[in-house]
Every structure is written in structure tokens, then in C-alpha cells.
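Undergrad: Requesting a structural model of the entry that follows:
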Amino acid sequence: MPIATKGVYRRHPKKESPQVDGRLGRYAHIMGFAFFFVVMAPADTVSEWLEELAPGSLWALRYALIALTIILYAMKGEKAVFYGLALAYGGCSILTMIFGDAPLIWAVRVAFPCVSTMLLVGVYAQRKSDELLWGMLVVMASYSVANTIELVYTMVAHPDAFGQVAYTSIGYRNGFSRIYLPSIIVSVLLDARRGKRFSLRSLLLLLAALVQSYLAFSATSAVELAFVIVGLALIQKRDIRRVMNAVVFGVGYLVFFLLLVVFRAQSVFGLFIERVLHRGLDFTGRTELWDQTFAAVYPDYLLFGRPKGGSPLLGFGSETFWTAHNGILDILLWGGLLSLMVCLAMTAITCIGLYKRRLEYSASLYSLLLGAFFVGGLMESVMFIQFVFFLAMAYAYTKGKESGFTIGATNRGSLVDEIV
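TA: I've put the predicted structure just below:
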């Protein structure tokens, strides 16, 4: 018979419920992914702060995350053609440096932030797609809101600066769409996973994008934003999704590339370019840069491209440029035909997968964002972190049901979800 001891109490340690443990784990993953995106796609102010804190620390963090992601992918990642092509893109960059007699570290800097971003999706998309999207939302929404506040403050404090602001602490105005468009679409994607069409959060992010586009006007970004706004309204109808899909947008990009870049048929769109966008038919000197790109690559560097990292090869007036100001030409310049074929293959695989599921709302959202990036890719580069992230997420989405699981097929709530 047990003996009761006066004044002695035994307490069992309190265990956290599985729901609480799961929620904390979810938040940890979101913050981890957000940290990854901050390092791989830093705002200018983040880069400057890290350089002041410890010179070289940004690239040290990138190298560490690239290595960690490759190891995780080798151990746990989904082995599929898309991710093989992502690795091939990195391999092509290494070949560019070898045949261009350049340091191999340049290949890591040029290609592997994009490679590791796609591999990150290959590791976690099956189990943590919501968290991946939330990580992207946390970073891009924070950038977008901060950028809006800075622009509004600048206009209030210096009204004469209206329309003159080219740079903010976030970056250059031509790149603002890379921030506010992903924040809008990823927010709407998360809305759809909770059974909503458009939340207050998504509306506020859309308003922030409109303010940024108005106060720091960029013709390319404005067209991208208009494309997304009109597209969001149209894809609410199921029948419209049949024609507004990634294949149509991808083929449209190739057609406009041939018309504008190769055959120079700008005069066909002269009224729109000059009177609506208020730009010349040379697209603010871009046609000159396109000609220089063709000259820099053909014929000696056509296969492997020119090594990126020594000095800029392009110039207009007194300015030099590291980009060909066109998605296809930029890849061709710094990676050659091999890199271009790999990138086109990754894009084609994803677009075809989205086409097969084109009637689904989420597929239309992925297609819409990729389409907007294609629009921007006529005048700017496309191989940036946000583009390759959504390209990989769209690919993972198209393979969800075929792999025996449905990505993001959960309506579970969270404290974060309940903010708006």
C-alpha cells in the first residue's frame, strides 16, 4: 500500500499539445524561409547594412545557404526533371567560366542563388508549400509596405520630387514590380487555400502597388501591374481561364521577342509606346544594348556566353550595364545557348503543366504572375529569385496530385492568418 507523505507533491511536467508544437514548427519554417529570401533577394538597405556590419557577410551567408540547400536536396529533395535542369543551369554557368577563363566563383555568384532557390522548393514543396509561400509573403509584403511609406514620405516632404524618384532604400524603380507583384499573387494564392477570393490583406498590398507605380513610375512595371489587375478580374470566370494560361503567355512572349528584339517592328506599336507609355521607339536606348549583346556573343561566345563578373560589356552614353535589358538576351549573353536552352526547357515544362490544369484557380494565379514576369522580360532580365521561386512552385503545384498529394490543400488557420 502506497504511503502518503505529508507536504510532498509530485507534479508531472506539462506537455505542449501537438497543435501548439505544430504551430511553433510552422512559424519556425516560415521565418527560416523568409531569412533565405532576404539573403538571396536582399533590398538595397539590407545589403548596405550587412556590408557595414561585416564586409563580405552577405555573400558568406549566401554561400552557406547555397551549400546547405544543395545538401538538403541531395538527401531529401524530389528527384524530377525540373530540378535536374535547375542543376544543369548551374553546371552551364560553370562551363561559361571554364571556357571563358574566368574564376569559378563567378559561376556561383551568377547562377547558384537561383539554383538553390529552385532546389529549396524541391525539398519542401511536398510538405511545406504553405510555409514557403508565407516566407515569400513576409519578405515581399514587408518590402512593398516599407517602399510605399518611404515614397509617400518623400512626396510629402519634397513635393518637387514627384515623378523624379528613381531609387529608394529598397532598390531601383524598374525592380519594384519584382516586389509588389509577388506579394499580391502570393497573398491571393494563400487566400484561395483558405477558401477566399480576395482578403483585406491582398487589397492593401494591391493599393500599395498602385501607390508605388504612381509615385515612382516605370513604364515596364506599370504594364506588368495593369496585366495582373486585369488578369485577376478576368480569371474569376472559369471559361476565361481556358485562354489566360501560361502557354499562351509564354508563346506571346516569344512572339513579341521576335517582333521587337529581332525584327524591330516597334512602329507597329508606335501609338501605344509613344503616347501611352511615353517612351521612344528605341525603348530608352534598349535597342542599342540589344545590338551590342548580339555583337558581344556572336560568333565566338554563342555556345557558352561571356563570363559575368569582370567588367560590364554593354554601354549607352556614359553609362555601363550588367544586363541586356531583355530576358532571353540576358541569359544568352552571360550563359550562351546552353544556358538559354536549359532555362527555356524549365519554363516550357512548367507552362505545359499549368496548361493541363488551366481551369484551376491556383494554376491561373501562377500563370498570371509568370505572364507578368514575361511582360517585364521584354525589357528587363528574368533570372531573379522571385521568378525562379514561382516557376518552381508552379511546377510543384502541377505535380501535386500526380504524386499522391495535393499541395496546399489545407484550410488550417493560424495566428498569422487571422491578422487580416
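
Undergrad: Give me the pLDDT for H12.
TA: As predicted, H12 sits at a pLDDT of 54.

Undergrad: hmm, I was thinking of L234
TA: The model's pLDDT for L234 equals 96.

Undergrad: so how far is I240 from it?
TA: To I240, L234 is 5 Å away according to Cβ to Cβ, to the nearest Å. Any C-beta I mention is one placed from the backbone N, CA and C, and that applies to glycine too.

Undergrad: Check V81 too.
TA: For V81, the distance to I240 - Cβ to Cβ - is 30 Å.

Undergrad: And for Y124?
TA: Noted for Y124: a distance of 32 Å to I240, by Cβ to Cβ.

Undergrad: of the two, who's got more company?
TA: Taking other Cβ atoms under 10 Å, Y124 and I240 do not tie; Y124 has more neighbours (22 against 14).

Undergrad: Give me the nearest residue to the more buried one, chain neighbours excluded.
TA: With Cβ to Cβ, 6 or more residues apart in numbering as the criterion, Y124 has its nearest non-adjacent residue at 5.8 Å, and that residue is L132.

Undergrad: and the gap between that neighbour and R201?
TA: As judged by Cβ to Cβ, L132 and R201 stand 18 Å apart.

Undergrad: higher neighbour count, the two?
TA: More neighbours surround L132 than the other of L132 and R201, with 27 against 20 (other Cβ under 10 Å).

Undergrad: distance of that one from M393?
TA: Counting by Cβ to Cβ, the gap between L132 and M393 amounts to 7 Å.

Undergrad: following the helix or strand encompassing D130, which helix or strand shows up next?
TA: Applying DSSP states H and E as the criterion places D130 in helix 105-157. As assigned by DSSP H and E, the chain's next helix or strand after helix 105-157 is helix 177-193.

Undergrad: what helices or strands is that following helix leaning on?
TA: If contacts are counted by 3 or more Cβ pairs under 8 Å, 6 or more residues apart in numbering; DSSP states H and E, helix 177-193 sits against helix 105-157, helix 200-215, helix 219-234, helix 361-376, helix 385-398.

Undergrad: which ones are touching L132?
TA: Contact analysis of L132 by Cβ atoms under 8 Å, 6 or more residues apart in numbering lists F33, L120, V121, Y124, A125, M393.

Undergrad: Check those against L258 and report the nearest one.
TA: In terms of Cβ to Cβ, no member of the contacts of L132 lies closer to L258 than M393, at 28.7 Å.

Undergrad: looking at it, that closest one is touching V121, isn't it?
TA: Yes. Counting by Cβ atoms under 8 Å, M393 does reach V121; the two are 5.7 Å apart.

Undergrad: Determine which member of those two has the greater number of neighbouring residues.
TA: Between M393 and V121, counting by other Cβ under 10 Å, V121 is the more crowded of the two (28 against 24).

Undergrad: pull the helix or strand with minimum mean pLDDT from this protein.
TA: Counting by mean pLDDT, DSSP states H and E, the chain has its least confident helix or strand at helix 270-271, which shows a mean of 65.

Undergrad: Run the chain-centre distance for the helix or strand just after that one.
TA: Sequence-wise, the next helix or strand downstream of helix 270-271 (DSSP H and E) is helix 286-297. Counting by Cα atoms, centre = their mean, to the nearest Å, helix 286-297 is centred 25 Å from the centre of its parent chain.

Undergrad: Count the residues that sit near D101.
TA: Neighbours of D101 using other Cβ under 10 Å come to 7.

Undergrad: same deal with H29?
TA: H29 is flanked by 18 other residues according to other Cβ under 10 Å.

Undergrad: could you give the angle of the helix or strand hosting it to helix 177-193?
TA: If you go by DSSP H and E, H29 is part of helix 18-40. Calculated by axes from the mean of the first three to the mean of the last three Cα atoms, to 10 degrees, helix 18-40 forms an angle of 160 degrees with helix 177-193.

Undergrad: List the buried residues in whichever helix or strand comes after helix 18-40.
TA: Using DSSP H and E, the helix or strand that follows helix 18-40 towards the C-terminus is helix 44-53. For helix 44-53, the neighbour count (16 or more other Cβ atoms under 10 Å) marks V46, L50 as buried.

Undergrad: helices or strands next to helix 44-53 in the packing?
TA: Judged by 3+ Cβ pairs under 8 Å, 6+ apart, helix 44-53 is in contact with helix 57-76.

Undergrad: Report the buried residues of the helix or strand containing A345.
TA: For A345, the host element (DSSP H and E) is helix 327-356. Neighbour-count burial for helix 327-356, with 16+ other Cβ under 10 Å as criterion, is recorded at 327-343, 346-347, 349-351, 353-355.

Undergrad: if we can go back for a sec, okay, the helices and strands packed on helix 177-193 in JSON lines with distance to G56 next?
TA: Listed next are those as JSON lines, based on distance: least, Cβ to Cβ, whole Å:
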{"stretch": "helix 105-157", "distance to G56": "12"}
{"stretch": "helix 200-215", "distance to G56": "31"}
{"stretch": "helix 219-234", "distance to G56": "32"}
{"stretch": "helix 361-376", "distance to G56": "31"}
{"stretch": "helix 385-398", "distance to G56": "20"}
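
Undergrad: V223 contacts V375, correct?
TA: Yes. Between V223 and V375 there is a contact at 5.8 Å, judged by Cβ under 8 Å.

Undergrad: Now do A161 against T45, distance only.
TA: Look at A161 and T45: by Cβ to Cβ, they are 19 Å apart.

Undergrad: Need phi/psi at T323.
TA: Per-residue torsions, T323: phi -130, psi 150 (degrees, to the nearest 10).

Undergrad: what does T320 give?
TA: The phi/psi pair for T320 (degrees, to the nearest 10) reads phi -110, psi 150.
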